[in-house]
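*Asks:* Got a predicted structure here, sequence first:
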Amino acid sequence: MHPIVIAAALLAAALHAWFFVLESLWFMRPSVYRRFGLATEADARVARSFAYNQGFYNLFLAAGAAGGVAKALLGEADAGVPVMLFACGSMVAAGIVLVTHNPRFASAAAVQVVPPLVAIVAKVLLG
């Protein structure tokens, strides 16, 4: 697998693991819930269950991207590449959903979309 594919997929995985930390572990910190557009602790308490669940989705996508890369690098590209591409494609799709639902989150969506999109495009163009 091309080094750009590997680097972009692993960056996407690291970012989504970080999203897990923010959404599932640290969500009730004011600096975190405000980052998600919530103004008060009461609002954060209402959204906490959704954020907690979403954080785990992000963790699973991170595991898919990183695990797919690892499997490919260990000589099982036929198994690893499709898993990595599926995880990265899901990340891109989620970012598109985010920005189409609320354009105010365009910069957050870009952070979420660009690395996995680079991985996908690089895999298609560079092998």
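*Replies:* That came through, no problem. Please read all numbers here as calculations on a predicted model, not as lab measurements.
*Asks:* ok, the most centrally placed residue in the chain - contacts?
*Replies:* The centroid of the chain falls nearest to His16 when counting by Cα atoms, centre = their mean (3.5 Å). Contact analysis of His16 by Cβ atoms under 8 Å, 6 or more residues apart in numbering lists 58-59, 61-62, 65, 91, 112. Just so you know, the C-beta spots here come from the backbone N, C-alpha and C atoms, and that holds for glycine as well.
*Asks:* Disregarding flanking residues, what is the spatial nearest neighbour of it?
*Replies:* Nearest residue to His16 in three dimensions, chain neighbours excluded: Ala62, at 3.9 Å (Cβ to Cβ, 6 or more residues apart in numbering).
*Asks:* Over to Gln54?
*Replies:* Glu23 (5.3 Å).
*Asks:* Equivalent analysis for Met84, please.
*Replies:* Gly68 (2.8 Å).
*Asks:* wait, the one you found sits on Ala9?
*Replies:* Yes - counting by Cβ atoms under 8 Å, Gly68 touches Ala9, with 7.2 Å between them.
*Asks:* Need the residues touching each of those two.
*Replies:* Joint contacts of Gly68 and Ala9 (Cβ under 8 Å, 6+ apart) are 84, 87.
*Asks:* Neighbour count: these two, which is higher?
*Replies:* Neighbour count, other Cβ atoms under 10 Å: between Gly68 and Ala9, Ala9 has more, with 30 against 26.
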